[in-house]
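> here is a sequence with its predicted model. Questions after.
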Amino acid sequence: MRKNTSPWLHQLDSARIQKKLNMDIGTDVAIVGAGIAGTATAFFALKYTDKKVVMLEKFKLAHGATGHNAGQVVSYFERGFAGLVEEFGLELASAGQRAIDESWELMDELYTGSELDIPFSRFVGYSGLTSIQQILWNLQNNYEKRRGGLTPSRMHIADSFYVGQIPQKYDGLYEIVPHADVLRLLETERAEYIAVVLGQKGCINSALFCQEVIAYLLRMFPGRFSLFEHTDVRKIILRHNHAILDAETHTVTAGRVVLCTNGFENLHIVNETGLDIDARYHHMISGRIGYMSGYLEKMNKLPIEISYYNTPDVGIDNWYYYLTRRPFEYEKGHDHNLVCLGGFDTKIEEKTLYSRDDEYPEEIAEKMDEFIHEVYSLKPNHKIDYAFTWHGLMGYTANGVRLIGPEPQNPVLLYNLGCNGVGILPSVYGGKKISRHLNGEQVEKSIFDVPSRAIELQPAPNFGLAGNSTRERV
């Protein structure tokens, strides 16, 4: 059987000192969760406010979803842009997409501001399409982006396929190229791939990123920042102008609390100033377990991310495989390329149904291996020795949009949660936006605002190809 072995945790400092909360304390801001969202929130709160910040993590820094993800940095949502326009209107949807597009700059600010030197690869990535439905769906998203003043994604369509099936309104949103060019970008010989969408993407070990940013914050803000690990927050009591956090045998009194979790943990919230929010909170998020595998090869190819939509018969509600390749130091002083593959997930209703210690399903490993031999440019008989097989729990909001901002029933509580499968840039954007709330700024209305009433857990219109909203269930 295969164990849950994450390549990102493999690169962390095993000798790092971990500190547990051992007394009652007070702070201006308590951040619950020490993953990418908590790290970004701490960085921007410390940089742009004068607040004292305490971060609380029930296990270890970056060992949750951040340490068991795909390590992709992308600026799309888990649904098409046209669906965002349908739900929020063109102005708000465009502002939301623009905010995530511009979060590459926030990512750079975090990286350079924390004086990091860890690998962060940025490049043009590709999504391979296999049907006219997929092509038209992506073109409609780009059409709406153009209407909203955004830069549409580039699309190349194979000349062997193009027979005038595309409406005139999409003129200027695609380019006809030789079929061989499409296959070359996708690194495949499978002729069913007839189009490719191009966009800015990246790869980073987000767990290592968090470790290094937090180390910087501890050095630079010794009087304003503390991290306590192995400190489980089980209950939060919200009062008029502060909160009390029950952290096992000790309490933390905080002016504001920011939940930077996957949104799918066992946490009781009591609002003493008004309407109960506990039931609402636990119905904002649904959980999925994502599965990934990876192997090492010679470092003789450039970093890349490719998505393969290979079941055209199901139309726009498609699932896909995604592949990344990036530099990876497996043993100190020995660099390789790490090739990672993902695309399978399972939905769970209760957190207790998932454990990071669960073994990796053999049937998923076999399907991953079958796909990479059939589609990716590998010799059919080439046996792969998988160095890593891992899974992680992801929190999905009902509409595929991250929750960022104050709780409407009591603004002492704020959220930066809901990874939705593509969480790095939205987490970073959320951290900056939370710092504005903490600073008392007037923050404009956005698609990320926490709703004033419970949302039913059901898909919003037009989920599909831009993300990985409907994947294989096993």
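Arrived safely. Predicted model, so just to flag it, every value in this text is computed and none were measured.
> okay, buried residues for the strand or helix carrying residue 86 please.
In this structure, residue 86 sits in helix 81-88 according to DSSP states H and E. Buried positions in helix 81-88, judged by neighbour count with 16 or more other Cβ atoms under 10 Å: 81-88. (C-beta placed from N, C-alpha, C; glycine too.)
> now the helix or strand hosting residue 341: mean pLDDT?
Per DSSP H and E: residue 341 is located in strand 334-348. Strand 334-348 carries an average pLDDT of 90.
> only C-alpha atoms, please: export that strand in CSV.
Extracted C-alpha coordinates of strand 334-348, given in CSV (Å, rounded to 0.1, in the frame of the first residue of the first chain):
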residue,chain,number,x,y,z
HIS,A,334,21.1,16.9,-6.0
ASP,A,335,18.5,18.6,-8.2
HIS,A,336,15.9,16.9,-10.3
ASN,A,337,12.7,17.7,-12.1
LEU,A,338,9.7,16.7,-10.2
VAL,A,339,6.8,15.7,-12.4
CYS,A,340,3.4,15.8,-10.6
LEU,A,341,0.0,14.6,-11.8
GLY,A,342,-3.4,15.1,-10.3
GLY,A,343,-7.1,15.2,-11.3
PHE,A,344,-8.9,12.8,-9.0
ASP,A,345,-10.9,13.8,-5.9
THR,A,346,-13.6,12.5,-3.7
LYS,A,347,-16.3,14.4,-1.8
ILE,A,348,-16.7,14.0,1.9
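> now do the buried residues in that strand.
For strand 334-348, using 16+ other Cβ under 10 Å, the buried residues are 336-346.
> same check, this time on stretch 213-231
Result for stretch 213-231 [16+ other Cβ under 10 Å]: buried residues 213-217, 221, 224-229, 231.
> gap between it and the chain center?
Stretch 213-231 sits 23 Å away from the centroid of its parent chain (Cα atoms, centre = their mean, to the nearest Å).
> repeat for stretch 96-113
Mean-position distance between stretch 96-113 and its chain equals 14 Å (Cα atoms, centre = their mean).
> kindly export that stretch (C-alpha atoms) in CSV.
Below are the C-alpha coordinates for stretch 96-113, written out as CSV (Å, rounded to 0.1, in the frame of the first residue of the first chain):
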residue,chain,number,x,y,z
GLY,A,96,-12.9,40.2,-8.8
GLN,A,97,-11.0,38.6,-11.6
ARG,A,98,-8.8,41.6,-11.9
ALA,A,99,-8.0,41.4,-8.2
ILE,A,100,-6.7,37.8,-8.6
ASP,A,101,-4.9,38.6,-11.8
GLU,A,102,-3.0,41.4,-10.0
SER,A,103,-2.2,39.1,-7.1
TRP,A,104,0.9,38.0,-8.9
GLU,A,105,2.3,41.3,-7.7
LEU,A,106,1.3,40.5,-4.2
MET,A,107,3.0,37.2,-4.5
ASP,A,108,6.1,38.9,-5.6
GLU,A,109,5.8,41.3,-2.6
LEU,A,110,5.6,38.4,-0.2
TYR,A,111,8.5,36.7,-1.9
THR,A,112,10.9,39.7,-2.1
GLY,A,113,9.7,41.3,1.1
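> show me what that stretch is in contact with.
Residues outside stretch 96-113 that contact it (Cβ atoms under 8 Å, 6 or more residues apart in numbering) are 40, 43, 47, 73, 75-77, 81, 84, 88, 120, 122, 145, 148, 150-151, 200, 209, 213, 401, 424-426, 428-429, 431-432, 446-448.
> buried subset of those as a PyMOL selection?
Filtering the contacts of stretch 96-113 down to the buried ones (16+ other Cβ under 10 Å) takes a single PyMOL command:
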select buried, resi 40+43+73+75+76+77+81+84+88+120+145+148+150+209+213+401+424+425+426+428+429+431+432+447+448
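> ok, and the closest non-adjacent residue to the residue nearest the centre of the chain?
Compute the mean C-alpha point of the chain, and by Cα atoms, centre = their mean the closest residue is residue 423, 1.7 Å away. Nearest residue to residue 423, sequence neighbours excluded (Cβ to Cβ, 6 or more residues apart in numbering): residue 36, at 6.8 Å.
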